[in-house]
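Participant: Structure, please.
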Amino acid sequence: MSAVLDNPIHDEHEHHGPPKGIARWLFTTNHKDIGSMYLWFSFAMFLIGGCMALTIRAELFQPGLQLVEPEFFNQMTTMHGLIMVFGAVMPAFVGLANWLIPMMVGAPDMALPRMNNWSFWILPFAFGLLLSTLFMEGGGPNFGWTFYAPLSTTYAPDTVTYFIFGVHMMGISSIMGAINVVATILNMRAPGMTLMKMPLFVWTWLITAFLLIAVMPVLAGVVTMMLMDVHFGTSFFDAAGGGDPVLFQHVFWFFGHPEVYIMILPAFGVVSQIIPTFSRKPLFGYHSMVYAVASIAILSFIVWAHHMFTVGMPLFGELFFMYATMLIAVPTGVKVFNWVTTMFRGSLTFEAPMLFSIAFVILFTIGGFSGLMLAIAPSDFQYHDTYFVVAHFHYVLVPGAIFGIFAAVYYWLPKWCGNMYSETLAKWHFWMSFVGMNLAFFPMHFLGLAGMPRRIPDYALQFADFNSISSVGAFTFGATQLLFLYLVIQAIRSGKPATDQVWEGAEGLEWTIPSPAPYHTFSTPPEIK
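Facilitator: Numbers count the residues shown, from 1 in each chain. The predicted model follows:
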């Protein structure tokens with residue numbers, strides 16, 4: 001204690017008060033401030049990545065259009081993927097973790113607050129570096145978000161070095177954020193809060209954090225091998241020097257498949273908080289939910305080569321990865337069953353968080369089914385590198401990760417800022433997002449089954465109708481997100497003050513249900529009394 005009192009920084013703060021203005025945000029160690037910065041940053045990246053997606057969809061609106069150069073089209077597909085994965089979805093969930101985990105486990109802050117600040121402030125520089133490559137000679141990365149070698153080493157633009165450095169910085173940020181989450185959850189829970197009493201959002205983030213710590217170094221390794229191939233004369237991925245391009249795919253996807261679950265598990269946690277609340281029932285099967293999340297995380301490490309069935313692996317390898325991939329459907333099915341059973345015979349109301357959560361369950365399940373189709377090795381030979389794959393992972397990530405984030409923001413925003421958002425506008429946002437998203441991505445299933453290849457800026461005439469529908473849907477979805485931005489700012493600046501009874505007619509609604517929920521958490525609705 002005396003060391004704290006003797007600290008000159010503390011004395012200075014004693015006299016001048018906490019820092020104001022920009023200094024408050026630059027030097028903050030407050031988990032709520034850092035959570036807010038993550039969320040605003042991720043939304044900015046979401047809009048930038050979204051504009052790149054709209055560039056792609058504008059080019060594909062009709063065949064032969066040539067709005068942009070093919071080279072620029074390739075840069076857009078690469079940057080859109082990288083920015084959405086590393087800049088929009090992951091920082092948004094880290095922002096939610098920062099805001100919610102300390103409050104949910106009864107901790108005063110995150111375990112390592114100064115590292116928390118650092119892990120955020122690395123990100124704007126990492127993405128500034130990545131985006132700046134678009135303005136450099138040679139242009140930005142043009143080799144797809146999976147940056148397969150030798151396309152990303154032998155044939156890449158000179159800016160690939162900046163790309164590698166940017167990826168390293170993102171990885172450092174993610175690892176530090178994950179260490180912070182683990183340290184907070186394991187060391188700073190309130191007395192009496194055992195692991196099996198934690199809210200499910202905390203559980204999903206604990207498991208996600210272990211995934212991050214396990215696989216981010218693998219990504220760092222693969223981009224370092226790229227750097228060596230580009231600058232130092234090694235041949236990790238160059239067949240001419242005794243290397244193997246397929247090695248790149250193995251190492252990348254050993255990171256890449258758990259990464260997919262890093263993006264979806266926190267959303268599982270979010271909807272597992274929201275569905276019981278608006279069903280006014282405890283979550284069905286709390287323990288099985290925890291075990292299902294853990295099973296999904298473990299299985300995610302042994303399915304990576306289903307992304308590369310077409311490289312010519314032995315039949316045994318194809319069978320192993322096919323069955324292992326199908327096995328993930330079991331714990332995922334358990335989760336969907338539990339969510340539906342929680343709603344069954346509940347006293348449901350359909351406020352914005354619940355609408356996004358129900359859409360999550362339905363559309364994520366569709367994405368899961370198309371994933372099962374892709375898991376069948378002989379079928380995958382047909383689907384591989386077509387728009388069917390694009391449809392599949394967008395059905396997992398847009399209604400999964402993005403809708404999960406929207407649901408979380410609507411659910412907790414009144415608690416964060418003390419004001420209520422406009423429920424009417426929120427429902428408009430939901431329905432327009434829902435319609436736009438399905439219009440954009442459902443036709444891609446048909447395009448893929450008919451053989452339209454992905455990442456190509458032009459296509460044959462028979463694909464024109466579905467592509468034009470898809471582009472209209474994408475622009476609808478994109479424009480709707482400006483409504484979301486307006487809605488959030490309006491709530492923060494001039495929303496009605498949030499009371500205990502946040503959602504109208506929602507007596508006894510709890511924001512954070514202790515899980516498993518005690519039966520007395522929910523008061524009897526007035527009409528039953």
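
Participant: CA atoms for contacts and neighbours, from now on please.
Facilitator: Fine.

Participant: Tell me which helix or strand comes right after whichever helix in the chain runs longest.
Facilitator: Across the chain, the longest stretch assigned as helix under DSSP state H is helix 245-279. On the C-terminal side of helix 245-279, the closest following helix or strand by DSSP states H and E is helix 286-299.

Participant: who does that following helix touch, helix- and strand-wise?
Facilitator: Where contact means 3 or more CA pairs under 8 Å, 6 or more residues apart in numbering; DSSP states H and E, helix 286-299 is packed against helix 200-231, helix 245-279, helix 329-343.

Participant: Any buried residues in the first one, and which?
Facilitator: When you say that, I think you mean helix 200-231. Burial within helix 200-231, assessed by neighbour count using 16 or more other CA atoms under 10 Å, is assigned to 200-213, 215-223, 225-227, 229-230.

Participant: Likewise for the last one?
Facilitator: Using 16+ other CA under 10 Å as the burial criterion, the residues of helix 329-343 that qualify are 329, 331, 332, 334, 335, 336, 338, 339, 340, 342, 343.

Participant: any idea which of these is closest to residue 65?
Facilitator: The closest of the buried residues of helix 329-343 to residue 65 turns out to be residue 329 (CA to CA; 40.6 Å).

Participant: And stretch 56-70, end to end?
Facilitator: Start-to-end span of stretch 56-70 (CA to CA, to the nearest Å) is 10 Å.

Participant: model confidence over it, on average?
Facilitator: Across stretch 56-70, the average pLDDT comes to 96.

Participant: What of stretch 273-281?
Facilitator: So the average pLDDT for stretch 273-281 ends up being 94.

Participant: and if you look at stretch 224-240?
Facilitator: On average, the pLDDT along stretch 224-240 is 97.

Participant: follow-up on the earlier one: which stretch among the helices and strands packed on helix 286-299 comes nearest residue 19?
Facilitator: helix 200-231 (31.0 Å).

Participant: Wait, residue 294 touches residue 209, no?
Facilitator: No - checked against CA atoms under 8 Å, the pair residue 294 and residue 209 is beyond contact range at 11.8 Å.

Participant: counting contacts, what elements does the longest helix of the chain pack onto?
Facilitator: helix 90-105, helix 200-231, helix 286-299, helix 329-343, helix 352-375, helix 403-417.

Participant: one step back: reformat the buried residues of helix 329-343 as JSON lines; add pLDDT and distance to residue 285.
Facilitator: JSON lines is the format used below for those (pLDDT from 0 to 100; distance: CA to CA, whole Å):
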{"residue": "329", "pLDDT": "97", "distance to residue 285": "18"}
{"residue": "331", "pLDDT": "98", "distance to residue 285": "12"}
{"residue": "332", "pLDDT": "98", "distance to residue 285": "13"}
{"residue": "334", "pLDDT": "98", "distance to residue 285": "9"}
{"residue": "335", "pLDDT": "98", "distance to residue 285": "9"}
{"residue": "336", "pLDDT": "98", "distance to residue 285": "11"}
{"residue": "338", "pLDDT": "98", "distance to residue 285": "6"}
{"residue": "339", "pLDDT": "98", "distance to residue 285": "9"}
{"residue": "340", "pLDDT": "98", "distance to residue 285": "11"}
{"residue": "342", "pLDDT": "96", "distance to residue 285": "9"}
{"residue": "343", "pLDDT": "97", "distance to residue 285": "12"}
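
Participant: Closest to residue 154 out of the residues you listed?
Facilitator: The closest of the buried residues of helix 329-343 to residue 154 turns out to be residue 329 (CA to CA; 38.4 Å).

Participant: Which residues are in contact with that closest one?
Facilitator: By CA atoms under 8 Å, 6 or more residues apart in numbering, the contact set of residue 329 is 368, 372.

Participant: Quick check: the gap between it and residue 365.
Facilitator: 10 Å.

Participant: do residue 152 as well
Facilitator: Distance, residue 152 to residue 365, using CA to CA: 34 Å.

Participant: try residue 276
Facilitator: 19 Å.

Participant: In terms of neighbours, single out the busier of these two.
Facilitator: residue 276 (26 against 20; other CA atoms under 10 Å).

Participant: The more buried one contacts residue 341, correct?
Facilitator: No - counting by CA under 8 Å, residue 276 sits too far from residue 341 to count as a contact (10.0 Å).

Participant: How far away from the center of its chain is stretch 366-378?
Facilitator: 20 Å (CA atoms, centre = their mean, to the nearest Å).

Participant: nope, stretch 421-430 is what I meant
Facilitator: With CA atoms, centre = their mean, you get 22 Å for stretch 421-430.

Participant: Same check on stretch 232-250?
Facilitator: With CA atoms, centre = their mean, you get 31 Å for stretch 232-250.

Participant: end-to-end on it?
Facilitator: Start-to-end, stretch 232-250 (CA to CA) is 22 Å.

Participant: ok, now stretch 487-503?
Facilitator: 16 Å.

Participant: Report the rounded mean pLDDT for it.
Facilitator: Here the average pLDDT along stretch 487-503 is 89.

Participant: Can you mark which positions in that stretch are buried?
Facilitator: By 16+ other CA under 10 Å, the buried positions in stretch 487-503 come out as 487, 488, 490, 491, 492, 495, 496, 498, 502, 503.

Participant: between the residues you listed, which is nearest residue 45?
Facilitator: Scanning the buried residues of stretch 487-503 for proximity to residue 45, where the rule is CA to CA, the winner is residue 488, at 16.4 Å.

Participant: what sits against the closest one?
Facilitator: By CA under 8 Å, 6+ apart, the neighbours of residue 488 are residue 421.

Participant: One more pass at 10 Å, please.
Facilitator: By CA atoms under 10 Å, 6 or more residues apart in numbering, the contact set of residue 488 is 409, 410, 413, 420, 421, 422, 426, 495.

Participant: Turn those into TSV, columns for distance to residue 137.
Facilitator: Shown next, in TSV, are these (distance: CA to CA, whole Å):
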residue	distance to residue 137
409	40
410	43
413	43
420	48
421	45
422	46
426	43
495	47
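
Participant: which one in those residues is the model shakiest on?
Facilitator: Comparing pLDDT over the contacts of residue 488, the lowest reading goes to residue 495, 90.

Participant: Give the phi and psi angles for it, as a check.
Facilitator: When quoted as degrees, to the nearest 10, the phi and psi of residue 495 stand at phi -70, psi 160.

Participant: in the chain, what spans have low per-residue confidence?
Facilitator: Where the chain drops to pLDDT under 70, the residues are 1-16, 504-529.

Participant: can you pull the contacts of the residue positioned nearest the centre of it?
Facilitator: Centrality entry for the chain: nearest residue to the mean C-alpha point is residue 89, 3.2 Å, by CA atoms, centre = their mean. By CA under 10 Å, 6+ apart, the residues touching residue 89 are 39, 42-43, 45-46, 83, 95, 262-264, 397-398, 401-402, 404-405.

Participant: how far away is it from residue 19?
Facilitator: On the measure of CA to CA, residue 89 and residue 19 end up 30 Å apart.

Participant: Please apply the same query to residue 495.
Facilitator: For residue 495, the distance to residue 19 - CA to CA - is 27 Å.

Participant: before we move on, what about residue 433?
Facilitator: The value you get for residue 433 to residue 19, if CA to CA is used, is 39 Å.
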